[in-house]
Every structure is written in structure tokens, then in C-alpha cells.
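Trainee: A structural model of the following input is requested.
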Amino acid sequence: MEKEYSYLPGSVETLKKRYAQERELSRIPILIEGEVKTLSPGGQNILIEKIIKEFAERFTPGGKLIYIGDTDEKFAHFNEVALRDLGVTIDSHGKMPDVIIHYLKNDWLVLIEAVTSHGPINPKRKKELEVIFADIKIPLVMVTTFLSRKAIVEYLAEIAWETDVWVAEDSTHLIHFNGEYLLQAYKMDRDFETE
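Mentor: As a prediction, the model looks like this:
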């Protein structure tokens, strides 16, 4: 005997509202210029949250968030005026990096790609970003980000020179693909025994 289901009037509407509330609760909150905005859950937005809360605070303290992409809505935050003041007008969000920060202390524009399904800043992507930001009045810094070291393995051979890599699980360090400028000796803390 087949079971019959009956729906109460309005129950479909009630379910839609409930699911919409659940989706809203699972969104990722981020604080931008004193205002709480949310990113859609999942995908690269988990990494974008870490970029904003960990990378930006450590490596670009006091920086101004200009752009944050969102997998659902294309962009969660876009300060077009700030970008225009730096000499750039963008026609389409399609080619934008995932996060843009104006690092005020060094007067750099930091372009960040969050790699979870799409690739890193490789030579082709680097050239695209250089073309998009060709009119910029300040130096560009390009950073590819990953959630884990394991995630880098697939893309390591593709990463462009003169860029940086940040891994969220090792958030206090950067990997520099910048060549000779960063060659340096590090002081090691060791206890040496003397005879």
C-alpha cells in the first residue's frame, strides 16, 4: 500500500522560509570598515574568510579592503571609488582577483587569489592582472593562497615568479617566488654547549 502525503496549505512556503533562514545562518560573517557583511558558505569563501581575518591582519595591517569576491554574488564588497582614486576603473568583475587590499603603510595594491577549485597566479593570470591594473599608480603585489600545504602540490609548478604564496594552515609565513631580493640568513635560537 502506497503512502499518501498531504501538504497543509502554506507548508511549502514555510519550508522555503525555513531553508532560507538556515542558508542565512550558515553564511560567513566578515567585518569591513565597521560593517558586518556575509559571504555565502562553502567553496573558496572559507579561504577568503581566513585571508581577511588572518592574512590581512598579519601582512597588511591597517590595509583598506577594496574588493572581496563571493562565489554566489560575484562580489561581497567593492569600493570602486578607492580603486578609481588609485587610477583603475574596472568594467567587469569577471577578471577580478578574489581579494584586493590597499596596503597603506607601503602604498601597495595587494591582489589575492584564493585557490580551492581554480588555479593560482600563473604567468598567464599574472599578465591578465598586469593588464587590468596597468593604470595603477602604485606597485602591485600578487599573492596566491591555499588552505593547506597539501593543496599547493597540484599547482606548485604553475605559480608565477615575482609572486607570493600564503597557506592558511601555516598563517604566519609566506613563500616568496621573488628571487634574489629575499635571500637572507636567519638567526637561529640554539643553546650551544661550551666545554
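
Trainee: drop to CA atoms for contacts and neighbour counts, all remaining ones
Mentor: Noted.

Trainee: residue ranges for the helices of the protein, please.
Mentor: 11-25, 45-50, 56-59, 80-85, 123-132, 149-152 (DSSP state H).

Trainee: Any chance you could give me the second one in PDB, C-alpha atoms only?
Mentor: As requested, the backbone C-alpha atoms of helix 45-50 are provided in PDB (Å, rounded to 0.1, in the frame of the first residue of the first chain):
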ATOM      1  CA  ASN A  45      34.800  31.700   0.800                       C
ATOM      2  CA  ILE A  46      36.100  29.600   3.700                       C
ATOM      3  CA  LEU A  47      39.600  30.600   2.500                       C
ATOM      4  CA  ILE A  48      38.600  34.200   1.800                       C
ATOM      5  CA  GLU A  49      37.400  34.500   5.400                       C
ATOM      6  CA  LYS A  50      40.900  33.300   6.500                       C
END
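
Trainee: From the contact counts, what lies against it?
Mentor: Counting by 3 or more Cα pairs under 8 Å, 6 or more residues apart in numbering; DSSP states H and E, the packing neighbours recorded for helix 45-50 are strand 28-32.

Trainee: Check which residues of stretch 99-108 are buried.
Mentor: 99-103, 108 (16 or more other Cα atoms under 10 Å).

Trainee: Which members of those occur in strands, if any?
Mentor: 99-103, 108 (DSSP state E).

Trainee: so where's the protein shaky on pLDDT?
Mentor: Applying pLDDT under 70 to the chain flags residues 1-34, 36-43, 70-76, 92-94, 179-195.

Trainee: and with 50 instead?
Mentor: 15, 19-23, 192-195 (pLDDT under 50).

Trainee: coming back round to it: output the ones in strands among the buried residues of stretch 99-108 in a markdown table, with distance to residue 153 appended to each entry.
Mentor: A markdown table is the format used below for those (distance: Cα to Cα, whole Å):
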| residue | distance to residue 153 |
| --- | --- |
| 99 | 22 |
| 100 | 25 |
| 101 | 26 |
| 102 | 29 |
| 103 | 29 |
| 108 | 28 |
